[in-house]
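Visitor: Quick one, structure for this:
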Amino acid sequence: MTGAFAQSQQQVITLDEAIMLARVQSVDAAVALNELKTAYWEYRTFRANLLPEINFAAVAPSYNKKYNSYQQEDGSYTFVRSNYMDISGEVSIDQNIWFTGGVISLNTSLDFLRQMDNGKDNRFMSVPVALTLKQPILGVNTIKWDRRIEPVRYAEAKAAFLSATEEVTMTTINYFFNLLLAKENVNIALQNLDNANKLFEIAKVKREMGQISENDLLQLELNRLNARSTLTENESSFKSNMFKLRSFLALDNQSELVPVVPDTLPNVVLNYTDVLEKALTNNKFAQNIRRRQLEADYEVAKAKGNMRQISLFAQVGYTGTDSDIGQAYNRLKDNQIVEIGFQIPIVDWGKRRGKVKVAQSNREVTESKLRQETMNFNQNLFILVEQFNNQLAQVEIADKADEIAEKRYKTNLETFMIGKISTLDLNDSQVTKDEARQRLITQMFYYWFYYYQLRSLTLWDFSENTTINADFERIVKQ
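Guide: Residues are numbered from 1 along each chain as shown. Down below sits the predicted model:
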């Protein structure tokens, strides 16, 4: 390395180390974690909605001093003055009934009324216990549909988090191999510049001895200048890619990152049918398909339920009233309320029926989209499996080609020094050597990228032959 590279402290980093850092401290990992936390608390809220809820409501106090209209015995109206203070409180235990969509409550309440005029008369009204039922007779049962949709939504969010973690790895691989390729280009440029300098010095001696032409000497000098220019460009590219990786990994130190070429590759051969089964079982796509189908069905049920509405309100219990708070609880009487309300449109010009048809049409559109998306998903997965199974052979071929190209260049270099080949042949072997090395790095990148892309789609660790999972409770609370 030249310039600042030669003076900076170096930090060797492997692909596994880069992946580990990215999963812990990259911005992408933080975004995935926050999305999981949002989904977790939304699911917890849904679960809490199915549990009993204790509520306290109070008015403390309400003061009124005003005139109100009053109808007299002869039918005429007059105004009477009111001056009172009211305090009320109620405690209720409410429970949603998921299979009917109603709410059942156990209530107790106490009301206090003080007449501010005429000696400040106090009155108490107690409801020691009352059982209340609010039940829609017709209409959509939202709680029941939530019980079907929300667990699928949360399962989709968990699968999305695991896939996002693998996608963080894929992004890391991209940055890592860009840096690795840039590093190899710098090394190649350094080697080429060193060889170009040596060849030019030898060529000057040979020119003086008349063993090579002036044209060959000028070509070698031009090669030396080009090698120096290429080195400068490659060093700039290396610094740019290093800063990108360091930023992605959230590394604060300014040391030079030195990526290491992975020395081993997982030797895995995949079967498409097996991969497809795992993807349809584990991937967020499968949960997404199911959730969207349920949501489309829910919209149809909601539109049908809104065509007519009938609701039941019933309350049974005891109540008492007295000027003394103790007696208000002793002199109790029955307290029953039953109300059935309904709303049925007589003429709405087809508005509600039209909404049902719209919801049904939207459901059909959704089903068509889901079928097409499933076909595309299966097709893309098939192509990816084929690419991955072929990639190991591509890496092996590129590795062998790199070895041969390196040997050929060294042989041509020695042959050129004794005057057996021209500068054009030497330049050709150098270009072939450089391209072979770059192709090897590129083919290794594709292998790792395909591998983790398949992990992301299937949530399956093919090396360990086990599913990819996580302790979500611990993750969201850390």
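
Visitor: Pull out the buried residues from stretch 469-478.
Guide: Across stretch 469-478, burial judged by 16 or more other C-beta atoms under 10 Å covers 472, 476. For every residue, glycine as well, the C-beta is placed using N, CA and C.

Visitor: what's next to that stretch, contact-wise?
Guide: By C-beta atoms under 8 Å, 6 or more residues apart in numbering, the residues outside stretch 469-478 that reach it are 33, 36-37, 40-41, 158, 161-162, 459.

Visitor: nearest to Ala436, of those residues?
Guide: Distance to Ala436 across these (C-beta to C-beta) is lowest for Leu459, with 36.4 Å.

Visitor: just checking, the closest one touches Leu162?
Guide: Yes - between Leu459 and Leu162 there is a contact under C-beta atoms under 8 Å: 5.2 Å.

Visitor: Could you name every residue contacting both of those two?
Guide: 468-469.

Visitor: If any of the contacts of stretch 469-478 are buried, put those into a PyMOL selection.
Guide: Remark: buried members of the contacts of stretch 469-478, expressed as a PyMOL selection using 16+ other C-beta under 10 Å:
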select buried, resi 33+36+37+40+158+161+162+459
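
Visitor: can you name the two of the contacts of stretch 469-478 that are farthest apart?
Guide: Trp41 and Leu459 (22.7 Å).

Visitor: returning to that earlier point: tabulate the contacts of stretch 469-478 (JSON lines), appending secondary structure.
Guide: Output for those, formatted as JSON lines (DSSP: H, G, I helix; E, B strand; the rest coil):
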{"residue": "Leu33", "secondary structure": "helix"}
{"residue": "Leu36", "secondary structure": "helix"}
{"residue": "Lys37", "secondary structure": "helix"}
{"residue": "Tyr40", "secondary structure": "helix"}
{"residue": "Trp41", "secondary structure": "helix"}
{"residue": "Lys158", "secondary structure": "helix"}
{"residue": "Phe161", "secondary structure": "helix"}
{"residue": "Leu162", "secondary structure": "helix"}
{"residue": "Leu459", "secondary structure": "coil"}
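
Visitor: separation between the nearest residue to Asn55 once chain neighbours are set aside and Ala48?
Guide: Closest residue to Asn55 apart from its sequence neighbours, by C-beta to C-beta, 6 or more residues apart in numbering: Ser92 at 5.2 Å. To Ala48, Ser92 is 17 Å away according to C-beta to C-beta, to the nearest Å.

Visitor: Run through who's touching stretch 237-257.
Guide: Residues outside stretch 237-257 that contact it (C-beta under 8 Å, 6+ apart) are 1, 5, 8-11, 13, 18, 21-22, 25-28, 171-172, 175-176, 178-179, 182-183, 185-186.

Visitor: ditto for stretch 202-211
Guide: 212-214, 216-217, 220, 417, 419.

Visitor: Helix, strand, or coil at the residue nearest to Asn55?
Guide: Per three-state DSSP, Ser92 ends up strand.

Visitor: Can you verify my assumption that it contacts Pro52?
Guide: No - using C-beta under 8 Å, Ser92 is not in contact with Pro52, being 10.2 Å away.

Visitor: who has more neighbours, the two?
Guide: Using other C-beta atoms under 10 Å as the criterion, Ser92 and Pro52 rank with Ser92 on top: 16 against 11.

Visitor: Contact partners for the more buried one?
Guide: 54-55, 57, 105-108, 132.

Visitor: and of the residues you listed, the nearest to Tyr452?
Guide: Proximity of those to Tyr452 (C-beta to C-beta) peaks at Ile54, which lies at 48.8 Å.

Visitor: which residues touch the residue nearest to the closest one when sequence neighbours are not counted?
Guide: Using C-beta to C-beta, 6+ apart and skipping the chain neighbours, the partner closest in space to Ile54 is Ile93 (5.4 Å). Residues near Ile93 by C-beta under 8 Å, 6+ apart: 52-55, 105-107.

Visitor: Ile93 bridge partners, please.
Guide: Ile54, Leu106 (DSSP bridges).

Visitor: Which helix or strand in this protein has the lowest average pLDDT?
Guide: Lowest by mean pLDDT, DSSP states H and E among the helices and strands of the chain is helix 4-7, with a mean of 48.

Visitor: following it, which helix or strand comes up?
Guide: Going down the chain from helix 4-7, the next helix or strand is strand 10-13, by DSSP states H and E.

Visitor: so how far is Val103 from the residue nearest to Ile54?
Guide: Here the distance between Ile93 and Val103 works out to 11 Å (C-beta to C-beta).

Visitor: where do the contact lists of these two overlap?
Guide: With C-beta under 8 Å, 6+ apart as the test, Ile93 and Val103 reach no residue in common.

Visitor: picking up where we left off before, counting neighbours, which of the contacts of stretch 202-211 end up buried?
Guide: 212, 216-217, 220.

Visitor: mind listing the strands for the chain?
Guide: 10-13, 53-71, 77-97, 102-115, 122-136, 256-259, 309-322, 332-343, 460-461, 466-467 (DSSP state E).

Visitor: what comes up buried for the first one?
Guide: In other words, strand 10-13. Of all the residues in strand 10-13, those buried under the rule 16+ other C-beta under 10 Å are Ile13.

Visitor: With the fifth one instead?
Guide: For strand 122-136, the neighbour count (16+ other C-beta under 10 Å) marks 123-124, 126-128, 130, 132-136 as buried.

Visitor: out of those, which one sits closest to Phe313?
Guide: Checking the buried residues of strand 122-136 against Phe313 by C-beta to C-beta gives Lys134 as the nearest, at 5.6 Å.
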